[in-house]
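In: got a predicted structure plus its sequence, pasted below:
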Amino acid sequence: MEIDRRSIEIALEQIRPSFMMDGGDIRLLNITDDGVVEVALTGACHGCGMSVQHVKMGVERWLKEMVPGVTEVVTADF
């Protein structure tokens with residue numbers, strides 16, 4: 001199942017304010033054919049010790065709920 005990039009962007013827009021409150025942001029980098037969404041954290045969120053937990057417990061859960069076909073969310077440097 002091909003995941004619509006726009007659907008991911010819309011879902012990220014809904015959670016972006018929580019990153020911005022902490023001086024950071026989240027950016028969509030890539031979506032693989034098997035449903036893995038690759039994001040980058042920027043600003044204060046880049047390199048934060050809690051970033052992996054926030055992505056797995058927050059972003060991944062949200063995207064799986066909002067966008068059919070998402071299997072995992074991973075972080076990457078850009």
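Out: The structure has been received and is ready for your questions. Numbering: from 1, shown residues only.
In: CA atoms for contacts and neighbours, from now on please.
Out: Noted.
In: could you list the low-pLDDT ranges of this structure?
Out: By pLDDT under 70, the low-scoring segments of the chain are 1, 77-78.
In: which residue ranges of it form strands?
Out: 24-31, 36-43, 72-75 (DSSP state E).
In: the last one pairs with which strands?
Out: Okay, so that is strand 72-75. Partners of strand 72-75 in the sheet, by DSSP bridges, are strand 36-43 (parallel).
In: ok now the strand it pairs with, how far from the chain's centre?
Out: 5 Å (C-alpha atoms, centre = their mean, to the nearest Å).
In: can you point out the buried residues in that strand?
Out: 36, 37, 38, 39, 40, 41, 42 (16 or more other C-alpha atoms under 10 Å).
In: could I get the strands of the chain as JSON lines with distance to residue 58?
Out: Below are the strands of the chain laid out as JSON lines (distance: least, C-alpha to C-alpha, whole Å):
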{"stretch": "strand 24-31", "distance to residue 58": "12"}
{"stretch": "strand 36-43", "distance to residue 58": "13"}
{"stretch": "strand 72-75", "distance to residue 58": "10"}
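In: for those, which one sits closest to residue 53?
Out: Smallest distance to residue 53 across those (C-alpha to C-alpha): 10.7 Å, for strand 72-75.
In: list the contacts of the closest one.
Out: 35-41, 52, 55-56, 59-60, 64 (C-alpha atoms under 8 Å, 6 or more residues apart in numbering).
In: hey, C-alpha coordinates of it in CSV?
Out: Provided in CSV are the C-alpha atoms of strand 72-75 (Å, rounded to 0.1, in the frame of the first residue of the first chain):
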residue,chain,number,x,y,z
GLU,A,72,7.1,2.4,11.9
VAL,A,73,8.5,5.9,12.4
VAL,A,74,12.3,6.4,12.6
THR,A,75,14.5,9.4,13.1
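In: that strand: how far from the chain's middle?
Out: 7 Å.
In: next: stretch 64-73.
Out: For stretch 64-73, the distance to the chain centre is 10 Å (C-alpha atoms, centre = their mean).
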